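1. Let's see this in three dimensions:
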Amino acid sequence: MNEVTSPASANHFFLVDLLREQTRDLYDAEKRHRSHLEALDRRDMLAELAEYFDKLVEDTSDNIQILEEVCRLLDVPPEGVECAAMTGLVREAKDAEREWERSAVRDAALIANEQRIVHYQIAGYGTAKAFSDALHLKEAAKRFDAMLRCAHENDKKLTRIACGGWLTIGVNEMAIVGD
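-> Numbers count the residues shown, from 1 in each chain. Have a look, this model is predicted:
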């Protein structure tokens, strides 16, 4: 049973179609993101960052599953759309991984690229939630909201690893003073 109800107007159909396309794009983005994270070389990486990338693999797997559920609600297959934006973001992240030797500077570059990806997620999930809210698709909106909150938390955690905390210096400071 899908969540899409009878339209109030013809534009309703167009917004539903846009939401479907956006959801399929986000699905492809998450699959590309997970593949990148799984292949990321964690040798000589700050242990906290390596552990966090492992957590992000779990988060992306969860997001893939949630997006499959949303696609069922929207009565659309999740496959079939290529996310050009994530393709570019992953390519830039891989380039940064290769360009910098194993050091805190490399870790800082990895964090910077991962935050770009997280900001893409924030924009995508926020927009999809807003569309779902406008269409009164409560279950889809709830799922997008959960992924949006997770992306915000990931952004905060990456910032903390980069900038440090009360009693620790962050990767950015490590890059300045040297490993």
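2. Tell me the secondary structure of the residue most central in space within the chain, please.
-> The C-alpha lying nearest the average C-alpha coordinate of the chain belongs to residue 121 (Cα atoms, centre = their mean; 4.0 Å). Here residue 121 takes the helix state, with states given by DSSP: H, G, I helix; E, B strand; the rest coil.
3. Apart from its neighbours in sequence, what residue is nearest it?
-> With sequence-adjacent residues excluded and distances taken as Cβ to Cβ, 6 or more residues apart in numbering, residue 121 is closest to residue 151, at 4.2 Å. Where you see a C-beta, it was placed from the backbone N, CA and C, and this is true even at glycine.
4. now that neighbour: how far from residue 15?
-> For residue 151, the distance to residue 15 equals 23 Å [Cβ to Cβ, to the nearest Å].
5. three-state assignment of residue 167?
-> Under three-state DSSP, the three-state class of residue 167 is coil.
6. pretty sure residue 145 contacts residue 128?
-> No. Between residue 145 and residue 128 there is no contact under Cβ atoms under 8 Å: 9.6 Å.
7. Mind checking which of these two has more residues around it?
-> The residue with more neighbours, out of residue 145 and residue 128, is residue 128; 26 against 16, by other Cβ atoms under 10 Å.
8. got the contact list for that one?
-> 19, 22-23, 26, 140, 144 (Cβ atoms under 8 Å, 6 or more residues apart in numbering).
9. so which helix or strand takes in it?
-> Assigned by DSSP states H and E, residue 128 falls within helix 104-134.
10. same deal with residue 13?
-> Assigned by DSSP H and E, residue 13 belongs to helix 10-39.
11. Could I get the buried residue list for the helix or strand that that helix is followed by?
-> Later in the chain than helix 10-39, the nearest helix or strand by DSSP H and E is helix 47-73. Neighbour-count burial for helix 47-73 flags 49-50, 52-53, 56-57, 59-60, 63-64, 66-67, 70-71, 73 (criterion: 16 or more other Cβ atoms under 10 Å).
12. Now flag whichever of those residues is closest to residue 33.
-> Using Cβ to Cβ, residue 60 comes nearest to residue 33 of those, at 5.2 Å.
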